[in-house]
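Student: This is a predicted model, with the sequence first.
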Amino acid sequence: MTSNFSSTVAGLPRIGAKRELKFALEGYWDGSIEGRALAQTARQLVNTASDSVSGLDSVPFAGRSYYDAMLDTAAVLGVLPARFDEIADHENDGLPLWIDRYFAAARGTEKLPAQAMTKWFDTNYHYLVPELSADTRFVLNASSLLQDLHCQQVRGINARPVLVGPLTFLSLARTVDGSDPLDHLPTLFAVYERLLKSIDAEWVQLDEPALVADVAPEVLAQVRAGYGTLAARGGVFVNTYFGSGDQAVHTLAGIGLGAIGVDLVTHGVTELAAWKGEELLVAGIVDGRNIWRTDLCAALASLKRLAARGPIAVSTSCSLLHVPYSLDAENIDPEVREWLAFGSEKITEVKLLADALAGDIDAAAFDAASIAIASRRTSPRTKPTTQELPGRSRGSFDTRVALQEKALELPALPTTTIGSFPQTPSIRAARAQLRKGSITLEQYEAAMREEIDLVITKQEELGLDVLVHGEPERNDMVQYFSELLDGFLSTANGWVQSYGSRCVRPPVLFGNVSRPAPMTVKWFQYAQSLTQKHVKGMLTGPVTILAWSFVRDDQPLATTADQVALALRDEISDLIDAGAQIIQVDEPAIRELLPLRDVDKHAYLQWSVDAFRLATAGAPDDVQIHTHMCYSEFNEVISSVIALDADVTTIEAARSDMNVLSALKSSGFELGVGPGVWDIHSPRVPSAQEVSGLLDAALRSVSPRQLWVNPDCGLKTRGWPEVEAALKVLVSAAHQARAHLAASI
C-alpha cells in the first residue's frame with residue numbers, strides 16, 4: 001500500500017543556480033563541448049535539485065530536461081514532428097537517442113522550421129507546442145527517463161517522477177490537419193497506463209494545470225474515466241496549479257487516486273467541497289510563482305482547517321521553476337530582502353509548515369515571518385497613493401493616419417525591426433567591466449555609442465526604412481527600465497528559465513513606481529543624429545513590465561499598472577520633445593497574463609488596455625505609436641489588440657504561418673500591422689521564397705496600406721552574420737512586393 005507523504009514541492013528548476021545547463025547547451029550547440037559533457041552537466045543538476053529538498057519526504061523528479069517539459073513529453077510519447085524523422089537516432093555519449101530530433105524540433109535546422117513556441121498558461125515560461133494529426137500514433141520511449149529515475153533511487157532519493165498529464169498535453173497541442181487534439185484523449189490515457197506500469201516508484205505525479213481552465217463537461221467526464229483507470233496502479237498524484245482547484249477536485253475526487261494537488265495561492269484557499277478526505281490533498285500553500293515571504297501563521301491556520309477534513313501534505317502552489325534559486329547570493333536592500341523568499345527559502349517554508357502541522361512549531365521562524373509581513377504592510381514605500389489620472393484617448397485613427405502619412409513619408413510596405421540588435425561579446429564585456437568598476441560610466445557610454453554607430457550604419461546599408469538604435473545599453477527589455485524607476489530592485493543572480501537556454505532576471509516590483517529622470521532620451525537623440533531616416537523611440541509597456549517582474553501582490557495589478565503607465569507617459573512626452581516621430585511601446589505580455597477562466601478575462605483585459613492607453617494617449621496625432629507582441633495566441637484577444645489603439649501592431653507570426661491574420665481579417669482590423677516574416681528564435685536564415693510566401697499570405701488578409709514588414713521579435717540573441725543575411729532577404733522581399741503592387745495599379 002502507498003504511504004502518504006507530508007511535505008514536498010510541486011517541481012524544481014533545472015537550469016542551475018549559475019545557469020550551468022544554459023552554458024552547457026550553448027557549448028554543445030556551437031560544438032565547443034561534446035554530448036558527454038552536456039549529459040554530465042544535466043545529470044549533476046538533477047542530483048543537486050534532489051539534494052536541495054532532502055528535508056522533505058517526497059522529491060519531485062522530472063529527469064534530465066534539455067529544453068522544455070512539453071518537448072520532453074513529446075519525445076517520451078514518440079510524437080516529435082514528422083518532418084524531423086529524416087534525422088536518424090544515434091548514440092551520443094549518454095544523451096537520449098532522439099536528442100538531435102529533439103533539438104531540431106526546438107530550434108529548427110537549416111532547412112526545416114522549428115515547432116511553434118508560446119507561453120505556458122499565464123506565465124513567462126515558454127513551451128514547444130506539440131504537433132499532432134488525426135493519424136498520430138503514440139510510441140512510448142521512456143528508457144532515458146527510467147534510467148535517470150534508477151540513478152536517483154541508487155542515490156537513496158525518494159524520487160517521484162513528474163510528467164505532463166494527458167489532458168494538459170493535448171489541450172496545449174496543435175494539429176496540422178484541423179482535427180481536434182482532444183480526440184486522442186482516450187488513446188493517450190491508455191498509453192499513460194502502459195507508461196505508469198513501467199515506472200518503478202511509489203508515487204508518480206501527473207501535472208494537469210489545464211484542469212483549472214474552462215473544460216467542457218464531456219471532456220471532464222473522459223478525464224475522470226481515464227484517471228479512474230490510471231488510479232488502479234496506486235500512488236497516482238494528479239497536480240493542478242495556476243488557478244482554483246475546485247473543478248479538478250470535483251472531477252477527480254472519489255475515483256481511487258492517491259493524491260490531488262491544488263493551488264491555494266492564486267485564487268486563495270477555496271472550499272474544495274468535493275474533497276471528502278479519501279485522497280491525500282497536496283496543499284499548494286507556499287507561492288511557487290512569486291517571491292514574497294509566506295505568512296506562516298495564516299498559512300498554518302488554513303492548513304489546519306483542511307487537515308480537519310482529511311490527510312494533507314504541504315507543498316508549493318506550482319513548480320519552483322518560476323522563481324530564483326536562493327536569496328543567499330543577493331546583496332539587496334535590507335528592508336525589502338526581509339519581505340522575500342526565493343526557491344530555497346520556500347522549501348524551508350514548506351518544511352516549517354509541515355512540521356508545525358505535525359505539532360512541532362518553530363516559534364522563532366514563525367515570529368520572524370510575522371515581523372516581516374507587518375514590516376511590508378506598514379512601510380512608507382508600499383503606502384497606497386492617489387492622484388487624478390489624465391485621459392486615455394487620442395484622436396480618431398483616420399485623423400491620425402492622414403497626419404502620420406504626411407509627417408513620415410514612408411514607402412508602401414515599410415521595413416523595420418522590432419528594436420534590439422545582437423548583444424555581442426563586446427557589449428556584454430563592457431557591461432561586465434562597468435559592474436566591476438574597471439571602466440567608468442563615461443567609458444561605458446562611449447562604447448555603447450560606438451555600437452549605435454554600427455547598428456545605424458548597418459541598417460542604412462541594408463536599406464531598412466525605419467531604424468532603431470539597437471538597444472546595446474539594455475541588459476533586458478524590462479530590467480533596464482526597472483533599474484531607472486523607483487519602486488523596483490534588481491537581483492544579481494535571480495535567474496529563471498524563460499525557454500531552452502534563455503534565462504532572465506525578473507526585477508522585484510516592491511513599492512510605488514515613479515520616474516525620477518528620462519530613461520531613453522539620450523540614446524534616441526544620439527541615434528537620430530546619425531541618420532535622416534526616422535528612428536523609433538523604444539519602450540516596454542506597463543503590462544509587460546508587470547508580467548516580467550515579480551510584482552507586488554498587496555494592491556490590485558491595475559493600480560500598479562497605472563503607476564508604471566504614468567512613468568512611461570512622461571518618457572513618451574520627453575521623446576517627442578526630443579524629435580521622435582515614431583515610438584514603440586512593446587506589450588508582448590498582454591495575452592500572456594490573460595486569466596485562464598472566461599469569467600475573469602473581461603476585467604483583466606479592461607485594465608490592461610486602459611494602462612497601455614494611459615501611457616500612450618499623451619502623444620499628438622501626428623506621432624505614430626507602435627506596439628509589439630510575441631509568443632502568444634492572439635486570436636481570442638483581437639478585440640483588445642484593436643482597443644489598444646496603437647497605430648501599428650507588430651506580431652509574431654512566422655512560426656504559425658500567418659494564422660493570426662485570419663482573425664485580423666474577420667475582425668475588420670484597420671490599424672497598421674506588421675506580422676513577422678522571419679522567425680528569429682530559430683538559428684536559421686529564411687529563404688527568399690519563405691519570406692515572399694509569408695508576405696503574400698499577409699497581403700491576402702490586410703491591405704497594403706496597413707502592412708509593415710519586420711521580423712517576429714528583437715534580434716539580441718542572434719549573431720550579426722545571420723542578422724545581416726536574413727534582413728537582406730526581408731528587404732529584398734519587401735521591394736519585390738512593392739514592385740508587384742505598383743505594377744498592379
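Tutor: Ah, there it is.

Student: Wait, residue 719 touches residue 422, no?
Tutor: Yes - with contacts defined as Cβ atoms under 8 Å, residue 719 counts as touching residue 422 at a distance of 5.9 Å. (Glycine included, C-beta is placed from N, CA and C.)

Student: Neighbour count: the two, which is higher?
Tutor: Neighbours were tallied for residue 719 and for residue 422 using other Cβ atoms under 10 Å; the higher tally belongs to residue 422 (22 against 11).

Student: Validate this expectation: the more buried one resides in a strand.
Tutor: No - when classified by DSSP: H, G, I helix; E, B strand; the rest coil, residue 422 is found to be coil rather than part of a strand.

Student: what about residue 54, which helix or strand?
Tutor: Here residue 54 is covered by no helix or strand, with elements defined by DSSP states H and E.

Student: Next: residue 638.
Tutor: Of the helices and strands defined by DSSP H and E, residue 638 is found in helix 638-643.

Student: what's the distance between that helix and the middle of its chain?
Tutor: What separates the centre of helix 638-643 from the centre of its chain is 21 Å, taken as Cα atoms, centre = their mean, to the nearest Å.

Student: What's the first helix or strand after that helix?
Tutor: Using DSSP H and E, the first helix or strand after helix 638-643 is strand 648-651.

Student: Give the rounded mean pLDDT of that next one.
Tutor: Per-region confidence: strand 648-651 scores 92 on mean pLDDT.

Student: Determine the set of other helices and strands touching it.
Tutor: Strand 648-651 makes packing contacts with strand 624-629, strand 672-675 when contacts are defined by 3 or more Cβ pairs under 8 Å, 6 or more residues apart in numbering; DSSP states H and E.

Student: Now the element after it, going C-ward?
Tutor: As assigned by DSSP H and E, the chain's next helix or strand after strand 648-651 is helix 660-667.

Student: hey, C-alpha coordinates of that next one in CSV?
Tutor: Output for helix 660-667, consisting of C-alpha atoms alone and laid out as CSV, is shown next (Å, rounded to 0.1, in the frame of the first residue of the first chain):
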residue,chain,number,x,y,z
VAL,A,660,-3.3,35.2,-36.8
LEU,A,661,-4.1,37.2,-39.8
SER,A,662,-7.4,35.4,-40.4
ALA,A,663,-8.6,36.7,-37.0
LEU,A,664,-7.5,40.2,-38.0
LYS,A,665,-9.4,40.0,-41.3
SER,A,666,-12.6,38.7,-39.8
SER,A,667,-12.4,41.4,-37.1
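
Student: Give me the contact list for it.
Tutor: In this structure, residues lying in contact with helix 660-667 by Cβ atoms under 8 Å, 6 or more residues apart in numbering are 634-635, 638-639, 642, 651, 653, 673, 675, 697-698, 700-702.

Student: rerun at 10 Å
Tutor: By Cβ atoms under 10 Å, 6 or more residues apart in numbering, the list of residues contacting helix 660-667 from outside reads 629, 632-639, 641-642, 649, 651-653, 658, 669-671, 673, 675-676, 694, 697-702, 706-707.

Student: now for the helices and strands packed on strand 648-651, which one comes closest to residue 553?
Tutor: For residue 553, the closest of these is strand 624-629, at 25.1 Å, according to Cβ to Cβ.

Student: distance of residue 711 from residue 691?
Tutor: 10 Å (Cβ to Cβ, to the nearest Å).

Student: overlap in contacts of the two?
Tutor: Residues within reach of residue 711 and of residue 691 at once, by Cβ under 10 Å, 6+ apart, are 654, 677-678, 726, 730.

Student: sorry, back to before: as CSV, the helices and strands packed on strand 648-651 with mean neighbour count would be great.
Tutor: What follows is the helices and strands packed on strand 648-651, written out as CSV (neighbours: other Cβ atoms under 10 Å):
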stretch, mean neighbour count
strand 624-629, 26
strand 672-675, 24
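
Student: Next up, phi/psi of the residue nearest to residue 354 when sequence neighbours are not counted, please.
Tutor: If the residues on either side of it in the chain are set aside, residue 354 comes closest to residue 7, at 3.7 Å by Cβ to Cβ, 6 or more residues apart in numbering. The main-chain torsion angles of residue 7 are listed as degrees, to the nearest 10 and equal phi -150, psi 140.

Student: Name all residues that make contact with residue 7.
Tutor: Residues near residue 7 by Cβ under 10 Å, 6+ apart: 53, 55-58, 282, 313-315, 347, 350-355, 357-358.

Student: Please list all residues in contact with residue 306.
Tutor: For residue 306, the set of contacting residues under the criterion of Cβ under 10 Å, 6+ apart consists of 262, 264, 269, 272, 275, 277, 281, 283, 285, 312, 357.

Student: can I assume it sits in a helix?
Tutor: Yes - in this structure, residue 306 lies within a helix as judged by three-state DSSP.

Student: Mark which of the contacts of residue 306 are buried, thanks.
Tutor: The neighbour-count test (16 or more other Cβ atoms under 10 Å) applied to the contacts of residue 306 identifies 262, 264, 269, 272, 275, 281, 283, 285, 312, 357 as buried.

Student: what's the closest of those residues to residue 492?
Tutor: Looking across the buried ones among the contacts of residue 306 and measuring by Cβ to Cβ, the closest to residue 492 is residue 285, at 29.0 Å.

Student: just the helices in the stretch 151-300 of the chain please.
Tutor: Shown for the stretch 151-300 of the chain, the helices assigned by DSSP state H, counting those that start in this stretch span residues 166-171, 185-197, 217-230, 246-252, 296-307.

Student: now the helix or strand of the chain with the lowest mean pLDDT, how far from the chain's geometric center?
Tutor: Least confident element among the helices and strands of the chain, by mean pLDDT, DSSP states H and E: helix 660-667 (a mean of 74). Relative to the chain's own centre, helix 660-667 is displaced by 24 Å; criterion: Cα atoms, centre = their mean.

Student: Mind listing what's buried along that helix?
Tutor: Along helix 660-667, these residues count as buried under the neighbour rule (16+ other Cβ under 10 Å): 660-661, 663-664.

Student: now the angle between strand 624-629 and it, please.
Tutor: 130 degrees (axes from the mean of the first three to the mean of the last three Cα atoms, to 10 degrees).

Student: Now the phi/psi pair for the residue nearest to the spatial centre of the chain, please.
Tutor: Per Cα atoms, centre = their mean, the C-alpha nearest to the average position across the chain is that of residue 124, at 2.0 Å. Dihedral angles phi and psi of residue 124 (degrees, to the nearest 10) take the values phi -100, psi 10.
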